[in-house]
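Asks: Here you go, sequence then predicted model.
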Amino acid sequence: MSSKRIMSGMRPTGRLHLGHYFGALSNWIKFQGQYQSFFSIVDWHALTTKFQNTREVEPNIWEIALDWLCVGIDPEVATVYVQSAVPEIAELHLLLSMFTPHNWVEREPTLKDMVKMLDSDESAAKEKVTYGLLGYPVLMASDILTFKGELVPVGKDQESHLEFARDVARRFNNFYNVDFFPEPKPEFTTTPLLKGVDGQKMGKSFNNDIKIADTEEDTIAKVKKAITDRTRIAKSDPGHTNLCEVPWPLYQIFASDKALLEKVKGDCESAAIGCVDCKVQLAGLINEYFRPMREKRKALAADPDQVRKIIAHGNQKARKVASQTLHDVREIMGMINW
Ligand code: SF4
C-alpha cells in the first residue's frame, strides 16, 4: 500500500443511492487497498445549510455508516470517522480562516451553487448565507489538510473544487516558510452517468433514486416506473435501446455479460419483450447485485452497539493523526501547545 493519504467525505443527509455507490463508494473501496484512506461523515457541513433542522443529522450519520460498511468500506483498513468527533478539524478551520482572504471564499463556484439552492431569488438567497456557509470552503480545506491528504477523489468536472484547498495549503507554507502541508491533488474517478427513474440526474431530493438500502419490493416498484423508449407506445411496437432513457443504461452496469445485453437488445428491438417485463428483469439484476450488501446492512442495523464501536474506533484513529497535525501547526504558527 502506498504511504500517500487520500481523503474524502459525505454529508449525512440521508440514505445513499446507486449514484453514491457507483460515483464514489465503489472507488473508495478500490482506494482503501491502495492508499492510507480517511473517509469522513462530514456532519458540520450538513449544518451549513440545515442549521434549522439539526435533528436529522444524528440518525443520518448512522444511516451513512451502515451504507458505507455494508458495501465494503473496511474500517480495519480505512479510517472511518465522524467530522465532529475530531475537534482538531474545527481548530484548523479557525486558524486557516485567519489568513484566507474573504474574496477567495466569495468567488468559490461551489458556494455560488449552494446559494442558488437556498432560494431561487438571488437577493433572498444572499440573506440566508450565514458566516458558516461562507466559510464552508475553508472547512473543506481543513478536512483535507488536517489529515495532510495528498489525494482527493473527484470527477474531471470537479477539479476546481480542490484548487481552494491547494491555494490555502500553499499560502500556509509560504507564510510560515515551511513545506508542511502537501498540496492535495485530484485522484480522478470515472463515474457512469446514472439517471434517476424519471430520466433526470439521480438525487435524493428529486425522489427518483434507488437506494442501497431499498427492499427488493421497493426496487422493483421503482424500476417499473423508469422512463423507457418514449416512442414505444404499444407492447407490440419494436423498441429502441438507443432511445431507452433509464433501463438500458442500467443494464450496461448490471448485466453480468455481453450475451445478456445482446439478448435484451434483440428482444427489445423485435418486440419479443415488453418494457414492464424488461424492467422487472432489470430490477432482479439490481436486487441480486445488492442482496449481500443489504443482508449485511440488516445485520449491522440489528447491532447498533457494534456500529458505534466501529465508528468510535475510527474517530480515535482520526484524532491521533489530527492531534499530531495540530500540534505541528501550532508550533509552526508560534502558538502555544498548551
Ligand atoms: Fe428499454 Fe427494455 Fe423497453 Fe427496450 S424493452 S425500451 S431496453 S425497457
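Replies: Noted; the coordinates are in hand.

Asks: The stretch 51-200 of the chain: strands as residue ranges?
Replies: For the stretch 51-200 of the chain, strands defined by DSSP state E, counting those that start in this stretch occupy the ranges 79-82, 151-154, 185-188.

Asks: With respect to burial, which of the ones you listed scores highest?
Replies: Most buried of those, by mean neighbour count (mean count of other CB atoms under 10 Å): strand 79-82, with a mean of 25. Backbone N, C-alpha and C define where each C-beta goes, glycine included.

Asks: contact partners of that strand?
Replies: With CB atoms under 8 Å, 6 or more residues apart in numbering as the test, strand 79-82 has contacts from 36-41, 43, 61, 65, 68-69, 73, 310-311, 314-315, 317-318, 321.

Asks: Repeat that for stretch 116-123.
Replies: The contact list for stretch 116-123 (CB under 8 Å, 6+ apart) reads Thr49, Val115, Ala125, Glu127, Lys128, Val129.

Asks: List the buried residues for that stretch?
Replies: Residues of stretch 116-123 classed as buried by neighbour count (16 or more other CB atoms under 10 Å): Leu118.

Asks: could you dump that stretch to CSV, C-alpha only?
Replies: The C-alpha coordinates for stretch 116-123 follow below in CSV (Å, rounded to 0.1, in the frame of the first residue of the first chain):
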residue,chain,number,x,y,z
LYS,A,116,-28.7,29.2,-5.5
MET,A,117,-30.1,26.1,-3.8
LEU,A,118,-31.1,28.2,-0.7
ASP,A,119,-33.6,30.3,-2.7
SER,A,120,-34.3,30.8,-6.4
ASP,A,121,-34.5,34.5,-5.8
GLU,A,122,-30.9,35.7,-5.7
SER,A,123,-31.2,38.6,-3.2
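
Asks: what separates that stretch from the chain centre, distance-wise?
Replies: In terms of CA atoms, centre = their mean, to the nearest Å, the centre of stretch 116-123 is set 24 Å apart from its chain centre.

Asks: if we can go back for a sec, would you convert the strands of the stretch 51-200 of the chain into JSON lines that also reports mean pLDDT and distance to Leu139?
Replies: Shown next, in JSON lines, are the strands of the stretch 51-200 of the chain (pLDDT from 0 to 100; distance: least, CB to CB, whole Å):
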{"stretch": "strand 79-82", "mean pLDDT": "98", "distance to Leu139": "14"}
{"stretch": "strand 151-154", "mean pLDDT": "90", "distance to Leu139": "14"}
{"stretch": "strand 185-188", "mean pLDDT": "88", "distance to Leu139": "19"}
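
Asks: Between those, which one is closest to the ligand.
Replies: With CB to the nearest ligand atom, the closest approach to the ligand among these belongs to strand 185-188: 30.6 Å.

Asks: does any bit of the helix or strand just after that closest one sit next to the ligand?
Replies: Later in the chain than strand 185-188, the nearest helix or strand by DSSP states H and E is helix 216-224. No. Under the criterion of CB under 6 Å from any ligand atom, the ligand is not reached by helix 216-224; the shortest gap measures 9.5 Å.

Asks: what comes up buried for helix 216-224?
Replies: Residues of helix 216-224 classed as buried: Thr219, Ile220, Lys222, Val223 (neighbour count, 16+ other CB under 10 Å).

Asks: In a markdown table, list the strands of the stretch 51-200 of the chain along with distance to Asn287.
Replies: Listed next are those as a markdown table, based on distance: least, CB to CB, whole Å:
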| stretch | distance to Asn287 |
| --- | --- |
| strand 79-82 | 26 |
| strand 151-154 | 28 |
| strand 185-188 | 31 |
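
Asks: quick one: which of these is nearest Phe206?
Replies: Closest approach to Phe206 among these (CB to CB): strand 151-154, 22.3 Å.
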